[in-house]
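Asker: everything below, folded, please.
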Amino acid sequence: MNVSPTVAVIGGGPAGLMAAEVLSASGAQVHVYDAMPSVGRKFLLAGRGGLNLTHSEPFDAFMSRFGERRAQLEPMLAQFGPQQVREWASGLGIETFVGTSGRVFPSDMKAAPLLRAWLHRLRAAGVQFHMRHRWMGEGPFDMASLRFSTPAGEVTAKADAVVLALGGASWARLGSDGAWAPWLQAQGMDVAPLLPANCGFDSTGWSEHFSSRFAGQPFKSVAISFTDSHGRHFARKGEFVATAGGIEGSLIYAASALLRDEIAEKGSATLLLDLLPDRSAEQVLAAVKHPRGARSLSSHLKSRLGLEGIKAGVLHEALSREAMHDAEQLAATIKAVPLKLVAARPIDEAISTAGGVRFDTLDAQLMSTALPGVFAAGEMLDWEAPTGGYLLTASMASGAAAARGVIQRLGL
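Answerer: Residues are numbered from 1 along each chain as shown. Sure thing, here's the model as predicted:
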C-alpha cells in the first residue's frame, strides 16, 4: 500500500494555511504546528477594523508596491494574485466588495467568519492541527525528528518535507517573535536583519502644548513628500495621525521603508507635509496675503484656507511667532511643513516586518539550498509591502508557491 508523504507546516498564519490547503489537495498528509492556542491570531487582529484582503488596482500597479522584491514575488502573484484571492474567498462562501480606496474587503468586513470557513475546509480535507506546539529549531535540523515544546513536554515529529511559515517579528504576543532567525542562520540560511515595516516614527519632539492637545488626532486631506539621500522619491496624498512623540498611520506606513532606511544611514529623515495639497502655492500665498482687517491671524487662516485644529497647531510648531506673520514664509510652510524623524518605532509595534530569509538562499520553488526539503513562505521571507491588501495577498501567494515546490519535490 502506498502511503502519502507527510508534510509539516510550521506556522498557522495565512501563508502556512494556504500551503496546507494546496498540499492537502495534492494528497499529502499535512500537519500544521503552531505555538499559539489557535491559528490565525494576527489575521484576526488585522480584521478588527475591517479585513483588507487584497487590492483591486491593475496588476502592474499592484506589483509596483513590492519595490525591489517585485521580480521575486511576481511569478507567485501571477499564479495567486488579487483576483484569485477574491475567487478563493467566494469559494468559502465569503463574497467581497471593492471600497472607495480600491481595497477589497469581505462583504461583512469581518475576518472570523472567513477563518472559520477556511479551517472547516482544511479539516475536512484531512489537515491535522497541533496547537501549542512551539518549534524548537536550535541545533542541527533533522526532518526525521522535528522537536516541539508543548504544555505536556517535548514531542517530536517526522516529515518528508517542511514548510516554514513563521512570520516576522512584529506583534510577538500573537506568535511571531523572530526567534527562528538565528536558528536558520546557524543552518546555513542567509537571513537579512529583521526591521520594522509599516511603522510609526519618533520625531525630534512636539511641544508639550501640541502633544497634549493633538496626540491621537489625524492630519486629514494632506500630502507628504520625501526624497532620500540616494534620490529615491515618495509623494502621496492621504492621512496620518500625530502621536505623543511623532507620527503614524497609513500615509506614513506607505513611506516607512524609505524613511526607516534613511534614518539608519543618516541618523534622521525630514519629510515635507503639504497641509493643502489641492491648492497651489500661488493660491495659498494669495489667501495669506488677503487683507484680514481686524481678524486675528488664526481666524484669517481658518476663513480663507480652512486651517484650524491640528493643521494650525503644526504651523506653530514649525514657525516662530514672527515667522507666522511673514506671509511668504507662512505660505511656503503651509505647503511644506518640515517634519524631522529620528527613529522608527520598535519592531513589535510595527504592522509587519522587513528582512528575513533572503531569496538568494532559496531556489525558484522557495526551497532552502542549505536544507533540502525545507521551504519558506510568508512574512519570514525578505520582502515588504505597504498595507492595502498587499501583505496578505503576497503571504498567501508565497504559501501556495512553497506548497507547489513541495509537490514537485515529492512527486505528488
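
Asker: could you dump stretch 370-381 to PDB, C-alpha only?
Answerer: What follows is stretch 370-381, C-alpha atoms only, in PDB (Å, rounded to 0.1, in the frame of the first residue of the first chain):
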ATOM      1  CA  ALA A 370      21.300  24.700   2.600                       C
ATOM      2  CA  LEU A 371      18.400  22.500   3.900                       C
ATOM      3  CA  PRO A 372      16.900  20.400   1.000                       C
ATOM      4  CA  GLY A 373      13.300  19.600   1.600                       C
ATOM      5  CA  VAL A 374      12.800  22.800   3.800                       C
ATOM      6  CA  PHE A 375      10.700  25.600   2.200                       C
ATOM      7  CA  ALA A 376      10.000  29.100   3.500                       C
ATOM      8  CA  ALA A 377       7.000  31.300   2.900                       C
ATOM      9  CA  GLY A 378       5.200  34.400   4.100                       C
ATOM     10  CA  GLU A 379       6.400  37.300   6.100                       C
ATOM     11  CA  MET A 380       9.600  35.500   7.100                       C
ATOM     12  CA  LEU A 381      10.900  36.000   3.600                       C
END
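
Asker: just how off-centre is stretch 60-72 within its chain?
Answerer: On the basis of C-alpha atoms, centre = their mean, to the nearest Å, stretch 60-72 sits 14 Å off its chain's mean C-alpha point.

Asker: buried residues, it. List them.
Answerer: Phe62, Met63, Arg65, Phe66, Arg69, Gln72 (16 or more other C-beta atoms under 10 Å). For every residue, glycine as well, the C-beta is placed using N, CA and C.

Asker: okay, and which of those residues map to helices?
Answerer: Phe62, Met63, Gln72 (DSSP state H).

Asker: any idea which of those residues is closest to His300?
Answerer: Nearest to His300 out of these is Phe62 (C-beta to C-beta; 44.3 Å).

Asker: show me where the stretch 151-300 of the chain has its strands.
Answerer: With DSSP state E, counting those that start in this stretch as the criterion, the stretch 151-300 of the chain has strands at 153-157, 161-164, 191-197, 201-203, 218-227, 233-242, 246-248, 269-274.

Asker: OK, contacts around the residue lying closest to Ala255 once chain neighbours are set aside?
Answerer: The shortest distance from Ala255 to any non-neighbouring residue, by C-beta to C-beta, 6 or more residues apart in numbering, is to Phe234 (4.6 Å). Residues in contact with Phe234, defined by C-beta atoms under 8 Å, 6 or more residues apart in numbering, are Ile224, Ser225, Phe226, Thr227, Ala254, Ala255, Leu258.

Asker: let's go with 10 Å and repeat that
Answerer: 224-228, 251, 254-259, 271 (C-beta atoms under 10 Å, 6 or more residues apart in numbering).

Asker: ok, so of the ones in helices among the buried residues of stretch 60-72, who is nearest Ser107?
Answerer: For those, the nearest to Ser107 is Phe62 (21.5 Å; C-beta to C-beta).

Asker: surely the closest one and Arg103 touch.
Answerer: No - counting by C-beta atoms under 10 Å, Phe62 does not reach Arg103; the two are 11.5 Å apart.

Asker: now for these two: what residues contact both?
Answerer: Common neighbours of Phe62 and Arg103 (criterion: C-beta under 10 Å, 6+ apart): Thr54, His55, Ser56, Gly388, Gly389, Tyr390.

Asker: among those, show me the least confident.
Answerer: Of all the shared contacts of Phe62 and Arg103, Gly388 carries the smallest pLDDT score, 88.

Asker: I'd say it and Ser101 touch.
Answerer: Yes - Gly388 is in contact with Ser101 according to C-beta under 10 Å; the separation is 7.7 Å.

Asker: Ala323 touches Leu315, doesn't it?
Answerer: Yes - contact between Ala323 and Leu315 holds when scored by C-beta under 10 Å: they sit 9.3 Å apart.

Asker: of those two, who's got more company?
Answerer: Neighbour count, other C-beta atoms under 10 Å: between Ala323 and Leu315, Leu315 has more, with 20 against 14.

Asker: number of residues surrounding Phe59?
Answerer: The number of residues near Phe59, taken as other C-beta under 10 Å, comes to 13.

Asker: who's in contact with it?
Answerer: With C-beta under 10 Å, 6+ apart, Phe59 has these contacts: Glu74, Leu77, Ala78, Gly81, Pro82, Gln83.
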